[in-house]
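**Q** okay, sequence plus prediction incoming.
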Amino acid sequence: TGVVPFVALLLLQRRPVAGRALLVTGPGCPGHSLCRSNVQEQTRRQVALLNATAQDLFSLYLKCQGEPFSSESDKLCTAGSVFFPPFHVNRTSERKEVMVAMYKLFAFLNASLGNITRDQEELNPTAKELLDRLHNTTKTTRGLISNLTCLLCKNYNIFQVDVSYGESSKGKSTFKKKQQGCQVLRKYVQVIAQAARILLPHLSPP
């Protein structure tokens, strides 16, 4: 537990471990120079891209894990058995509340993707298409986190957010690593669709 600035959080997000930082407002934002002129439109496009590619990533992941995952995904990859940050905002929520919830979600997701990618590099090192998609999704997520950081600082002077990271798969069996990955990605498909429905209207041009 502790107070961690955004810059430190962006580094922490590469580590699939638990961590928390407190939400506060104050004079600590590093300035609007972090923001590109088209940051809001870029953020909208990043969320839309993640939503559009999530199901294909999950399907490819299952294919590359082999049996029994490719044929028993409904049984083995139940989304309800994996932790994800609570996501209680909706389209009528205040924009500030939505942006903070999105930051928490994508910080968690970024760490989870790092965990899955590390496992797949070990378990399926020749699965080039899967590894490329995992890397690309992670890259998009990190860009999105950077843009959310900017928007939170610029619009609300928020520079520290309470975040949670998923369980690491280090030390688990091959089966458990594959299962944790498919559970997280199935949940991701569901949550990113919800996130897109809620966030995109807040980012649309007036």
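**A** Received it, and whenever you're ready, just let me know what you need. Numbers count the residues shown, from 1 in each chain.

**Q** and what about Phe159, helix, strand or coil?
**A** strand (DSSP: H, G, I helix; E, B strand; the rest coil).

**Q** again, but for the one 10 residues further on
**A** When the structure is reduced to helix, strand and coil (three-state DSSP), Ser169 reads as coil.

**Q** dump the residue contacts of it.
**A** Pro16, Asn115, Asp119, Lys176, Lys177, Gln180, Gly181 (CB atoms under 8 Å, 6 or more residues apart in numbering). Quick note: C-beta positions are derived from backbone N, CA and C, even for glycine.

**Q** who's in contact with the last one?
**A** This points to Gly181. Shown in contact with Gly181 (CB under 8 Å, 6+ apart): Tyr61, Gln65, Asn115, Ile116, Asp119, Gln120, Ser169.

**Q** quick check: buried residues in the host helix or strand of the third one?
**A** Assessed by DSSP states H and E, Asn115 sits inside helix 95-123. Judged by neighbour count using 16 or more other CB atoms under 10 Å, the buried positions of helix 95-123 are 98-120.

**Q** you'd agree Val39 is up against Thr149?
**A** No: counting by CB atoms under 8 Å, Thr149 is not a contact partner of Val39; they are 10.0 Å apart.

**Q** who has more neighbours, those two?
**A** Between Val39 and Thr149, Thr149 has the larger neighbour count (other CB atoms under 10 Å), namely 25 against 19.

**Q** and the helices in the protein?
**A** 6-12, 39-65, 73-76, 95-123, 128-156, 174-203 (DSSP state H).

**Q** which stretches of this protein have low pLDDT?
**A** 1-34, 205-206 (pLDDT under 70).

**Q** can you tell me the closest non-neighbouring residue to the residue positioned nearest the centre of it?
**A** Centroid check for the chain by CA atoms, centre = their mean gives Leu109 as the closest residue, at 2.4 Å. For Leu109, ignoring the flanking residues on the chain, the nearest one in space by CB to CB, 6 or more residues apart in numbering is Thr141 at 5.8 Å.

**Q** so what's the residue count around that neighbour?
**A** Neighbourhood size, Thr141 [other CB under 10 Å]: 23.

**Q** close enough to count as contact, it and Asn110?
**A** Yes: under the contact definition of CB under 8 Å, Thr141 touches Asn110, with a separation of 4.7 Å.

**Q** nearest to Ala52, of the contacts of Ser169?
**A** Nearest to Ala52 among these: Gly181, at 20.6 Å, using CB to CB.

**Q** coming back round to it: OK, contacts around the residue nearest to Leu109?
**A** Counting by CB under 8 Å, 6+ apart, Thr141 has contacts Leu50, Phe106, Leu109, Asn110, Leu113.

**Q** let's see it at 6 Å
**A** Phe106, Leu109, Asn110 (CB atoms under 6 Å, 6 or more residues apart in numbering).
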